[in-house]
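Enquirer: The sequence and its predicted three-dimensional model are supplied below.
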Amino acid sequence: MKVSSVSLLFVLLEVSACSSVTEGTSQVIAVSTNPSGADCALMRQGMVIGRVNPTPGQVKIDKTKHDINVECTKGGFEKASFFNESDVAGMTFGNLIVGGLIGWAIDSATGADNKYTGSVHLEMKPSTAQQPPTPVPPAQDGKTQTAPMS
């Protein structure tokens, strides 16, 4: 009788971790920028956990309950960022119904009950600090000409 109870518990633990099996504990995040060629760091809790350099590209990260900030830099452009919020994976709710608290606890401990936005695209704006001044064409009559104030 003791062996069957242990076997049943083992089967329940294996079957109940639905998200761990179907969604895994890691995820690929694709990062692209316009223009391409940026250096993008994926940061979680102040630490770099992955990098795409140059864009476009992708990086595999471990899933957790903590959010990720994607920060991209490129010469001549302002820094662009994206807040990638950790969300609940779809199988988590089914896991609670089928596996109960044991399945949820396993998925939560492994990060399998979390997910992130899988594709991130950032539009990078030209840096106004590094743009050369607009040249003023010479006046037709040889007199000094001033550029309009912007």
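Expert: That came through, no problem.
Enquirer: outside of the longest strand along the chain, which residues touch it?
Expert: Identified as the longest strand of the chain according to DSSP state E is strand 26-34. Strand 26-34 is touched from outside by 40, 42, 50, 52, 55-63, 68, 70, 72, 74, 80, 84, 115-124, with contacts defined as CB atoms under 8 Å, 6 or more residues apart in numbering. Heads up, the C-betas are built off the backbone N, CA and C, glycines and all.
Enquirer: out of those, which are buried?
Expert: Among the contacts of strand 26-34, those classed as buried by 16 or more other CB atoms under 10 Å are 40, 42, 50, 52, 55-56, 58-59, 61, 63, 68, 70, 72, 74, 80, 84, 115-117, 120, 122, 124.
Enquirer: sorry, back to before: and the longest strand of the chain, what's buried?
Expert: The neighbour-count check on strand 26-34 (16+ other CB under 10 Å) flags 27, 29, 31-33 as buried.
Enquirer: Out of the residues you listed, which is nearest to residue 128?
Expert: Of all these, residue 33 has the smallest distance to residue 128: 18.4 Å, by CB to CB.
Enquirer: What score does the closest residue in space to that closest one that isn't next to it in sequence have for pLDDT?
Expert: Nearest non-adjacent residue to residue 33, counting by CB to CB, 6 or more residues apart in numbering: residue 55, 4.4 Å away. The model reports residue 55 with a pLDDT of 97.
Enquirer: need the contact list for residue 55.
Expert: By CB under 8 Å, 6+ apart, residue 55 lies in contact with 31-33, 36-40, 72.
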